[in-house]
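need a structure here:
(one chain, ligands or ions: 2)
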Amino acid sequence: MIKGVYIHIPFCSLKCPYCDFTSFISFDENIKRKYVNTLLRELELYSYFYYSIETIYFGGGTPTTLDPYLLGEVIEFITKRYRVSSNLEITVESNPNNYSLSDFKVLKAYGVNRISFGNQSFLIKNLKTLGRDHTPINTLRSIENVYNAGIENINLDLIYGIPGQSLIDLEKDLQIYTDLPVKHISAYMLTAYEDTPFGMLVNKGEIELPEDDLLYQMFKLIDTFLEDRGFKRYELSNWAKSGFSCKHNLFYWTHREFLGVGVSAWSFVNNVRFGNTKNINQYIQMVEKGLKPVVSREILDEEKIREEKIFLGLRLKEGIDINLVADKDILSTFVSEGYGEINNGKFSLTPKGIMVINYITSRLL
Ligand SMILES: C[S@@+](CC[C@H](N)C(=O)[O-])C[C@H]1O[C@@H](n2cnc3c(N)ncnc32)[C@H](O)[C@@H]1O
Ligand code: SF4
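Ligands and ions are numbered 1, 2, ... in the order given. Sure, this is the predicted structure:
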């Protein structure tokens, strides 16, 4: 039964040098209108699936580069055509400088009850290094606008491990983040993807990333600082006030079924993972012909599902069922070396383990 719907909006007002999400700079309102029409047609192609929808998530790209009424059309389509729960979580990812108070009011009227801001930092030097086009004031005003529109469930993204960032800089950010009336904080370690301008400069040695030891100190600082201020870590990169974990993202990590629509979106239905084309023209052409824009498909057998439960579950604070791992000795070794803990039949990673999650995952598969 499909629990969540993800909608990819691939438009941005600028391309950040570190970003490898499928997104394009566009200010063409006709293309945006056409894209939303295509999303609706794609959703129609999947109307035969079984739904019990609890979450809708607009991700990107930057969904708030679209007129809020266009996002509203997609919400209306889903809530009219599919079976949805009465207490839907509807999230919209937003840049801090896109929407006004009246735009957020429109979203609220369509049922949006969660806004996730790509803030990254409140320090101007970090925003400059990351090539962002907003200021701290933009974020503060946007938070106020979201609140005044009647939406209280706000997430702020934070990036750490930025070149030149110190522990003191990070602490300043954490202080500001936790002084604000937000319910959720996602903190991501800056990743230098090879095919991005940022990754290329790192490869050429023109930008230096922080040492592993500093990254570890940063993670520990984030974790203890946020926990002290009432934000509990429930996943590798996610902390929330009680009752405000992101239901939609938890579906991914707990292996629930979801449908993803739009360019580059992934789905998991009936033990099949399938992914859409990343090419927007191909996407529109295929859907216009009544074809699903799927270009990759993987059927998950029992062994593959066990592996996924391990690598997704290790991200969660609660960890994985120890019975997923045949060799229990290896779990005991990780525990004795301080990389993991076992509680109530579950194995979970400590901050030291999180730093080497890929290695630990490979040993447990
Ligand atoms: C798809 S973006 C959507 C938000 C919005 N477009 C923005 O950037 O404000 C989701 C989040 O992923 C994170 N992110 C993107 N690229 C990253 C990278 N290379 N390393 C770490 N985090 C990254 C950022 O925190 C960003 O806010
Ligand atoms: S980080 Fe966000 S705003 Fe920047 S290019 Fe990626 S999706 Fe667009």
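
Would you tell me which residues of this protein are close to ligand 1?
18-19, 21, 59-60, 62, 93, 95, 118, 120, 157, 159, 188, 190-191, 193 (CB under 6 Å from any ligand atom). Every residue, glycine included, has its C-beta placed from N, CA and C.

could you redo the last one with a cut-off of 5 Å?
18-19, 21, 60, 62, 93, 95, 118, 157, 188, 190-191 (CB under 5 Å from any ligand atom).

So I330, which state does it fall into?
helix (DSSP: H, G, I helix; E, B strand; the rest coil).

Number the chain from 273, please
Right, with 273 as the first residue, what we last looked at is I602.

circling back to that earlier point, tell me the one among the residues of the chain next to ligand 1 nearest to ligand 1.
For those, the residue nearest ligand 1 by CB to the nearest ligand atom is G390; the value is 1.6 Å.

Tell me how many other residues surround W538.
W538: 16 surrounding residues under other CB atoms under 10 Å.

Can you tell me how far it is from I279?
12 Å (CB to CB, to the nearest Å).

which of the residues of the chain next to ligand 1 lies closest to P453?
Ranked by distance to P453 (CB to CB), the residues of the chain next to ligand 1 are led by D429 at 16.4 Å.

Which positions in the protein make contact with ligand 2?
So far as CB under 5 Å from any ligand atom goes, the chain lies against ligand 2 at 284, 287-288, 291, 293, 295, 332, 334.

Can you tell me which of the residues you listed has the most neighbours?
G332 (24 neighbours).

That one bridge partners, please.
I281 (DSSP bridges).

show me the contacts for it.
Counting by CB atoms under 8 Å, 6 or more residues apart in numbering, G332 makes contact with 280-284, 293, 295, 365.

what do you get for D429?
Per CB under 8 Å, 6+ apart, neighbours of D429: 388-392, 457-460.

Give the buried subset of these as a ChimeraX selection command.
Filtering those down to the buried ones (16 or more other CB atoms under 10 Å) takes a single ChimeraX command:
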select :388,389,390,391,392,457,458,459
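
from the contacts of D429, which is closest to ligand 2?
Nearest to ligand 2, judged by CB to the nearest ligand atom, of the contacts of D429 is G390 at 5.1 Å.

Give me the next element, helix or strand, following the helix or strand where that closest one lies.
Assigned by DSSP states H and E, G390 belongs to strand 386-392. Per DSSP H and E, the first helix or strand lying C-terminal to strand 386-392 is helix 396-402.

by contact count, what packs against that following helix?
strand 386-392, helix 439-451 (3 or more CB pairs under 8 Å, 6 or more residues apart in numbering; DSSP states H and E).

Just the residues of the chain next to ligand 1: which are in helices?
Counting by DSSP state H, no part of the residues of the chain next to ligand 1 is found in helices.

Select from the residues you listed every entry located in strands.
Members of the residues of the chain next to ligand 1 lying in strands (criterion: DSSP state E): 332, 365, 390, 429, 460.

Excluding chain neighbours, give the residue nearest to the third one in space.
In this case it means G390. D429 (5.0 Å; CB to CB, 6 or more residues apart in numbering).

Look up the residues forming beta bridges with that neighbour.
Here D429, judged by DSSP bridges, has bridge partners S458.

show me what contacts Y318?
531, 533, 564.

Name the nearest of these relative to L379.
Using CB to CB, V533 comes nearest to L379 of the contacts of Y318, at 18.8 Å.

Quickly find the element holding the residue nearest the centre of the chain.
The residue lying closest to the centre of the chain (CA atoms, centre = their mean) is N521, at 7.0 Å. In this assignment (DSSP H and E), N521 forms part of helix 519-525.

So which other helices or strands are in contact with that helix?
Checked by 3+ CB pairs under 8 Å, 6+ apart, helix 519-525 has strand 274-281, strand 323-332, strand 356-366, strand 504-507, strand 529-533, helix 574-585 packed alongside it.

Pick the most deeply packed of the ones you listed.
Most buried of those by mean neighbour count (mean count of other CB atoms under 10 Å) is strand 274-281; its value is a mean of 24.

tilt between it and strand 323-332?
Angle, strand 274-281 to strand 323-332, by axes from the mean of the first three to the mean of the last three CA atoms, to 10 degrees: 20 degrees.

neighbouring strands for the following helix or strand past strand 274-281, and are they parallel or not?
Sequence-wise, the next helix or strand downstream of strand 274-281 (DSSP H and E) is strand 283-284. Strand pairing for strand 283-284, determined by DSSP bridges: strand 296-297 (parallel).

Touching, G390 and N367? I think so.
Yes - using CB atoms under 8 Å, G390 is in contact with N367, at 5.5 Å.

Having no further points to raise, I will conclude here.
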